[in-house]
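Participant: Provide a 3D model corresponding to the input given below.
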Amino acid sequence: MTPVAAEQTPIQLQSVDASIINNDFVEDAGLTPEDALFEDDPDSDAAKPYINVWVTTAENADDEDLATLVEISHSPEVVEAEEQASGGTAVIKDNSAEELQEILAGIESDLRGES
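Facilitator: Next up, the predicted model:
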């Protein structure tokens, strides 16, 4: 097994038996979800460490520009673009800050071997 950068995995698929390809490279690689041998369950505990979140410092919590970025990221146009780029496999979630803190605490606990 040879690790490569995520954007290189579709290219390497030509010279290996299998490759783990992030869904945001599916469309550009000319692949479809049907090409997958396996697909992660986005609601599983195993997917939790890979949630993308918007994070800022306490002093920027009320920054209107950051709030606008979050709003734009949930707009129909951006969601549609994410769906297209992922070959229809993008999963858009809207976890509360409390849920994300709980997930993070659980991941940290697991990493420390406390579970």
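
Participant: where does Asp94 land in three-state SS?
Facilitator: coil (DSSP: H, G, I helix; E, B strand; the rest coil).

Participant: the bottom helix or strand of the chain by mean pLDDT?
Facilitator: Lowest by mean pLDDT, DSSP states H and E among the helices and strands of the chain is helix 9-12, with a mean of 88.

Participant: For it, buried residues please.
Facilitator: The neighbour-count check on helix 9-12 (16 or more other C-beta atoms under 10 Å) flags 9-10 as buried. C-betas here are computed from N, CA, C, even on glycine.

Participant: With stretch 74-93 instead?
Facilitator: 82, 85-87, 89-90.

Participant: Tabulate these (JSON lines), appending distance to Thr56, secondary structure and pLDDT.
Facilitator: JSON lines is the format used below for the buried residues of stretch 74-93 (distance: C-beta to C-beta, whole Å; DSSP: H, G, I helix; E, B strand; the rest coil; pLDDT from 0 to 100):
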{"residue": "Glu82", "distance to Thr56": "21", "secondary structure": "helix", "pLDDT": "88"}
{"residue": "Ala85", "distance to Thr56": "25", "secondary structure": "helix", "pLDDT": "83"}
{"residue": "Ser86", "distance to Thr56": "26", "secondary structure": "coil", "pLDDT": "84"}
{"residue": "Gly87", "distance to Thr56": "31", "secondary structure": "coil", "pLDDT": "83"}
{"residue": "Thr89", "distance to Thr56": "28", "secondary structure": "coil", "pLDDT": "87"}
{"residue": "Ala90", "distance to Thr56": "23", "secondary structure": "coil", "pLDDT": "87"}
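
Participant: Mind picking the two most distant members of those residues?
Facilitator: Maximum pairwise distance among the buried residues of stretch 74-93 (C-beta to C-beta): 10.7 Å, between Glu82 and Gly87.

Participant: Run a quick neighbour tally on Gln8.
Facilitator: Applying the criterion other C-beta atoms under 10 Å, we find 13 residues in the vicinity of Gln8.

Participant: Repeat that for Gly113.
Facilitator: By other C-beta under 10 Å, the residues close to Gly113 number 6.
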